[in-house]
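>>> Next input, structure requested:
(chains A and B)
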2 protein chains.
Amino acid sequence: MSRAGKQTFVYDRPPAIVAHASIAGPKEGQGPLAEWFDVVLEDDLLGQKSWELAEMEMVRRCVQRALNDAHMGEDAVQAMLGGDLNNQIIASSFAARALGIPFIGLYGACSTFVQALVLGSALISGGDLDNAVCAASSHFCTAERQFRFPLELGSQRPPQASWTATACGCALLTAPGEGHSGPLRTTCGTVGRVIDLNITDANHMGAAMAPAVFDCIAAHLSDTGRGAGDYDLIATGDLGWIGRNLLLELADAAGVALPPDRLIDCGASLFYQEQDAHAGGSGCGCVASVSCGWLMKRLEQGELRRLLLVGSGAMLSPTSSQQGQSVPGIAYAVAIERED
Amino acid sequence: MSRAGKQTFVYDRPPAIVAHASIAGPKEGQGPLAEWFDVVLEDDLLGQKSWELAEMEMVRRCVQRALNDAHMGEDAVQAMLGGDLNNQIIASSFAARALGIPFIGLYGACSTFVQALVLGSALISGGDLDNAVCAASSHFCTAERQFRFPLELGSQRPPQASWTATACGCALLTAPGEGHSGPLRTTCGTVGRVIDLNITDANHMGAAMAPAVFDCIAAHLSDTGRGAGDYDLIATGDLGWIGRNLLLELADAAGVALPPDRLIDCGASLFYQEQDAHAGGSGCGCVASVSCGWLMKRLEQGELRRLLLVGSGAMLSPTSSQQGQSVPGIAYAVAIERED
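Below is the predicted model:
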């Protein structure tokens, strides 16, 4: 494996995405991407006694579905990389307990799914792993009561706030030549820096994360010698409507060409405006489900050939916000390309 | 790079530990390892306005000290891998913000430092990174108020409870042949599974983690074809006094030879019994500071030649405990050996 530059891993043995699965909640299943998700939940409790147990069960089912699609048992999977927004990432670790797969717990807030793809691909390309499942989830109800207010209060949300998606996405990666089919490969991945331009409004996560997303995309393009035009699509997740516009402004100011017609945001794609999600969807499960449910299928269908998926996270906690700290952002980017 | 077995990475290009640093709090600085730590804090607020800001500053100083020892600037470091016990790992991510180093946030509870060494070594051995800093921290006061009770209540602690260490450890890894000196190499690392034998007492973390530690050690020995006798020392972190005895019982019952005279626990080594730490030290910073401050120096001095460092984490959250869930454990193991 080789390093293109300081922040980007180039996968000399590009891992194959041999299966992927997506689960979306009831509200997400009424949005523009409804038909693309593998499963739309009717009951966002999944028959469990708490929202947290529901999120764990959603992760377990999503991983199980991807493995079923690849005709692979849990015992054959060498590692699960992933995380979620719950304190101490309990949704992912409890799902890993149920699955029995060696577990690498990550925390990158809403960027976690892309962080997992970047690391899992590196471990496979480098020969450490033959395969890995990458998964990330979020649940509106676990996130609201942890980060904001009890749902029962019915608190009003400001227009710049995003809506934490109830969703999960999972991708199964294998080393090349493992006998599995499918055209999708991860070819390079970029690890971002923690960037903070002093946004102190914890509801304004698009603004807090846009600088980190720009920094990561700029590093990726510089490291690889590519331009934005080398990708059919750059998909961020999740800046929302406002953050996407700020990203375009930052790129413009820095003289980095980022054609608006090739730039979408997963959070801004998940809901109709009239669904009252304000700035758009967010949460680890948003970029995970939108990429596994929609973007990877568009790549498989040949509509897209080269995708740059950029996950971004706001690395705040309720404690850091209560103590008056600003909101640091981070981002990771992974290139997913058709092999043929 | 090659895989010895399902869970163990064998580093074909064994990374060098070229620098390490340890910071310990005032109470930890009165324990048996006092003289081994690079810094013992007199003020566990480090002049900051909150415990959380103090923990962030402790991480920043610890990383800075390791880099200074290696005469390396932050700009030359390609990645920081690490985490802490704070919700959303704010101590590590805010430190990464201050340092400007590309950041890979991890969560493995008290196992996080070893998790970082296992992953960082894999990324270096595989050629993804030329170097990486691995760091993990904990702070008694941030942990108590987050996981247990406000300090001001003066709550009584049960005898099986451990004492979260105020401490940080950091190791700087580089690819072999990078021109740095020092005899220490990481040679292989094992990723554990999440194991849960249904311990529901959130204060009894040694009991909750001992099965995961045993599972990880057994996988490591099986994957590598080594026996416990191939290591001068197996150091767990942090089972405490009670968990260590449970580990020995589990090994005995399974017929795995684990000589008690070659097995120590970082948590059980950090405090004198009369320091009222009950079952021993814990927290991400415990195994990090004890290994960076004490064990790596003993390796450098030639007293030890082959160390198996096993970090263990209790993957609970206050929410999972309040909902009556049991405490899942996880463990990671890394072999640190003298090259000569």
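
>>> Going along the chain, name the helices of the stretch 151-300 of chain A.
Using DSSP state H, counting those that start in this stretch, the helices of the stretch 151-300 of chain A run over residues A:205-224, A:240-254, A:266-270, A:284-290, A:296-300.

>>> any idea which of the ones you listed is most buried?
helix A:284-290 (a mean of 37; mean count of other C-beta atoms under 10 Å in any protein chain shown). Every residue, glycine included, has its C-beta placed from N, CA and C.

>>> hmm, who's touching that helix?
A:22-24, A:28, A:33, A:37, A:83-85, A:109-114, A:135-139, A:164-170, A:235, A:237-238, A:266-267, A:269-270, A:281, A:309, A:311 (C-beta atoms under 8 Å, 6 or more residues apart in numbering or on different chains).

>>> gap between residue A:198 and chain B?
Separation of residue A:198 from chain B (C-beta to the nearest C-beta, to the nearest Å): 11 Å.

>>> if we can go back for a sec, near chain B too, which of the contacts of helix A:284-290?
Of the residues in those, proximity to chain B by C-beta under 8 Å from any C-beta of the partner chain holds for A:83, A:109.

>>> gap between stretch A:165-175 and the chain center?
Remark: stretch A:165-175 is offset 9 Å from the chain centroid, using C-alpha atoms, centre = their mean, to the nearest Å.

>>> Can you list the buried residues in it?
By neighbour count on 16 or more other C-beta atoms under 10 Å in any protein chain shown, the buried set for stretch A:165-175 is A:165-175.

>>> Can you convert these into CSV and add a column each for pLDDT?
Below are these laid out as CSV (pLDDT from 0 to 100):
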residue, pLDDT
A:165, 96
A:166, 98
A:167, 98
A:168, 98
A:169, 98
A:170, 98
A:171, 98
A:172, 98
A:173, 97
A:174, 96
A:175, 95
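
>>> May I ask which two of the residues you listed are separated the most?
Largest separation among the buried residues of stretch A:165-175 by C-beta to C-beta: A:166 and A:175, giving 32.9 Å.

>>> distance of the closest residue in space to residue A:130 that isn't next to it in sequence from chain B?
Nearest residue to residue A:130, sequence neighbours excluded (C-beta to C-beta, 6 or more residues apart in numbering or on different chains): residue A:175, at 5.1 Å. From residue A:175 across to chain B, the span is 10 Å (C-beta to the nearest C-beta).

>>> So, low pLDDT: which residues of the stretch 101-250 of chain A?
For the stretch 101-250 of chain A, the stretches with pLDDT under 70 are A:178-180.

>>> rerun that using 80 as the cut-off
Along the stretch 101-250 of chain A, the parts satisfying pLDDT under 80 run over A:178-181.

>>> Could you find the closest non-adjacent residue to the residue of it found nearest chain B?
Nearest residue of the stretch 101-250 of chain A to chain B, counting by C-beta to the nearest C-beta: residue A:126, 2.2 Å away. Nearest non-adjacent residue to residue A:126, counting by C-beta to C-beta, 6+ apart: residue B:126, 2.2 Å away.

>>> tell me the SS of the closest residue to residue A:95 other than its chain neighbours?
If the residues on either side of it in the chain are set aside, residue A:95 comes closest to residue A:59, at 3.7 Å by C-beta to C-beta, 6+ apart. With DSSP: H, G, I helix; E, B strand; the rest coil as the basis, the three-state label of residue A:59 is helix.

>>> related to what we said a few turns ago, include distance to residue A:296 when you put the buried residues of stretch A:165-175 into JSON lines, please.
Shown next, in JSON lines, are the buried residues of stretch A:165-175 (distance: C-beta to C-beta, whole Å):
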{"residue": "A:165", "distance to residue A:296": "17"}
{"residue": "A:166", "distance to residue A:296": "20"}
{"residue": "A:167", "distance to residue A:296": "15"}
{"residue": "A:168", "distance to residue A:296": "14"}
{"residue": "A:169", "distance to residue A:296": "9"}
{"residue": "A:170", "distance to residue A:296": "11"}
{"residue": "A:171", "distance to residue A:296": "7"}
{"residue": "A:172", "distance to residue A:296": "11"}
{"residue": "A:173", "distance to residue A:296": "12"}
{"residue": "A:174", "distance to residue A:296": "15"}
{"residue": "A:175", "distance to residue A:296": "19"}
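
>>> still on that earlier bit, how deep is the residue nearest to residue A:126 tucked in, by neighbour count?
25 (other C-beta atoms under 10 Å in any protein chain shown).

>>> could you dump the helices of the stretch 151-300 of chain A to JSON lines with distance to residue B:46?
As requested, these are arranged in JSON lines below (distance: least, C-beta to C-beta, whole Å):
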{"stretch": "helix A:205-224", "distance to residue B:46": "26"}
{"stretch": "helix A:240-254", "distance to residue B:46": "34"}
{"stretch": "helix A:266-270", "distance to residue B:46": "37"}
{"stretch": "helix A:284-290", "distance to residue B:46": "32"}
{"stretch": "helix A:296-300", "distance to residue B:46": "46"}
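
>>> what are the ranges of the strands in the stretch 101-250 of chain A?
Counting by DSSP state E, counting those that start in this stretch, the stretch 101-250 of chain A has strands at residues A:103-105, A:131-138, A:163-164, A:167-174, A:184-191, A:233-237.

>>> is it possible to export those strands to CSV including distance to residue B:151?
Converted to CSV, the strands of the stretch 101-250 of chain A look like this (distance: least, C-beta to C-beta, whole Å):
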stretch, distance to residue B:151
strand A:103-105, 28
strand A:131-138, 32
strand A:163-164, 32
strand A:167-174, 37
strand A:184-191, 37
strand A:233-237, 39
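
>>> For stretch A:279-286, what does the pLDDT average out to?
Confidence for stretch A:279-286, expressed as mean pLDDT, is 95.

>>> What's the separation between the residue in chain A sticking out farthest from the centre and residue A:322?
The centre of chain A is farthest from one residue, residue A:153, which by C-alpha atoms, centre = their mean lies 29.2 Å away. Distance, residue A:153 to residue A:322, using C-beta to C-beta, to the nearest Å: 17 Å.

>>> now residue A:64
38 Å.

>>> and if you look at residue A:120?
Look at residue A:120 and residue A:322: by C-beta to C-beta, they are 34 Å apart.

>>> Between the two, tell me which one has more neighbours.
Between residue A:120 and residue A:322, counting by other C-beta under 10 Å, residue A:120 is the more crowded of the two (29 against 11).

>>> could you list every residue that touches the more buried one?
Residues counted as contacts of residue A:120 (C-beta under 8 Å, 6+ apart) are A:15, A:79, A:81, A:129, A:132, A:134, A:173.

>>> Next: residue A:217.
Taking C-beta under 8 Å, 6+ apart, one finds A:228, A:234, A:251, A:256, A:258, A:308, A:310, A:331, A:333 in contact with residue A:217.

>>> Quick check: pLDDT value at the residue nearest to the fifth one when sequence neighbours are not counted.
In space, and not counting its chain neighbours, residue A:258 is closest to residue A:251: 4.0 Å by C-beta to C-beta, 6+ apart. At residue A:251, the predicted lDDT confidence score is 97.

>>> Ok, residue A:2 next?
50.

>>> Provide the backbone phi and psi angles at the residue nearest to residue A:130.
Dihedral angles of residue A:175 (phi, psi; degrees, to the nearest 10) stand at phi -60, psi 150.
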